[in-house]
Structure formats: C-alpha cells, structure tokens
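S.K.: below are the sequence and a predicted model for it; my questions follow.
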Amino acid sequence: MAQKKPRRKPARTQEQEPYPGWMWMLFGLAIGLSVAVAIYINGREVPPRPVAQTPASMAAPLRVEPEPPAVSAEAGEEAEPRFSFYNMLPNFEVIIPEEEPDVRRDMRSEPVERPGTYVLQAGSFTSPADADRRRAELALLGVESQVQPVAIDRRTYYRVRIGPTSDLDELNRIRNRLSAADIEVLRMRLGD
C-alpha cells in the first residue's frame, strides 16, 4: 500500500493582530486632551500691556474741593434730600374710575340703543403682521380701524380697534358688516 503523504497546510501570510481596546482608548484620550489644550490656549485673553506710569513729581496736582458747609439743625434750614423720589412720589396721582368700563362680546346683532361713546375691538394679536392683516380685512369691508400696541406683562399685544364713535346708527351698521363677515368683536362703552 502506498503511504499517504500528510497534507501540508498552505503557508499563511503573517497577519497582524488587531490593537487591543485599551490602546484605542489611550489614543482617543490623547486626541481629546490635545483638542482641549488647543481650545484653552486659543481662548485665553491676552493680558493688557502695562501702562507706563508717570512719576508723582510730573503728575498734575490733585484738586481738593472744599466740603460744603454743614447745615446746623439750629439754623432751621432743612437739608436737601439726597434722593429726588421723595419729591416726585407725592406728585404722582393715579385716578381710578368709579365704574368699570362696559365691555361685552358682541355676539347678538341687536342694535345698540344706549347712548354713549363706543369702541369696537376686532382682535388682539401678538404679531404686528397679524394685526395689519385684520386691519386690511376691515378696510376691504369699508371699516376704518387702527392698530394700538399695548405692553402687558413684558409682552406686546397689537389691538385692532374701530372708533371711538358716539353715532349709534354708524355703530350698528359697522356691527352688521362685521357680523356678516364672521369677525368677532368686543364692544366697549367708554362713557356718555
């Protein structure tokens, strides 16, 4: 019988083993630290150059202003207060109206018969563009209006108002036009 020759495994090319994980961690840490150092160096402020000081013998002499004479309490003269709000606050007066203004949502198309001065508010918007858009809608209906900016709690609102008017016939005509166009308004009675 013939002898079988053992098979030889083909010669492998020498493979490099991959780097271990701890080596990759050190490599990433080195890159991160170098980026941090570069940012630190670029972010530092350049200290200002020292200004050459002039010797005291060459400097301008300091002016000493005389102190104002002390006012004695015996002289009967009052010293002027150090702050001005002591004088300002009593001059401010807040007038609180005796009656709350009559503000109602204008849902019904019943004619207004109570005489007085009325204002219709056709909307209140946070954007001036929205207020101008509503004003344009009103202009297409033939209603003259104005935009009134109002600051409430650090926000600005833009109110679209019609009026004031004390002509009840004109007020009712405007209300009917707005009602037909499905524009909700607030009716405010300002007074007689």
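M.R.: Perfect, thanks for sending it. Residues are numbered from 1 along each chain as shown.
S.K.: do a quick rundown of the helices in the protein.
M.R.: Taking DSSP state H, the helices of the chain run over residues 21-43, 85-88, 128-140, 168-180.
S.K.: residue 115 is nearest to which of those?
M.R.: helix 168-180 (6.7 Å; CB to CB). Heads up, the C-betas are built off the backbone N, CA and C, glycines and all.
S.K.: can you give me the buried ones in the closest one?
M.R.: 171, 174, 175, 178 (16 or more other CB atoms under 10 Å).
S.K.: nearest to residue 190 among those residues?
M.R.: residue 171 (12.1 Å).
S.K.: how close does the closest one get to residue 185?
M.R.: Counting by CB to CB, to the nearest Å, the separation of residue 171 from residue 185 is 11 Å.
S.K.: got it, and residue 135?
M.R.: 13 Å.
S.K.: same question, residue 172
M.R.: From residue 172 to residue 185 the distance is 12 Å (CB to CB).
S.K.: please apply the same query to residue 35.
M.R.: Distance, residue 35 to residue 185, by CB to CB: 62 Å.
S.K.: kindly report the same for residue 82.
M.R.: For residue 82, the distance to residue 185 - CB to CB - is 52 Å.
S.K.: higher neighbour count, the two?
M.R.: Ranked by neighbour count (other CB atoms under 10 Å), residue 82 and residue 185 place residue 185 first, with 22 against 6.
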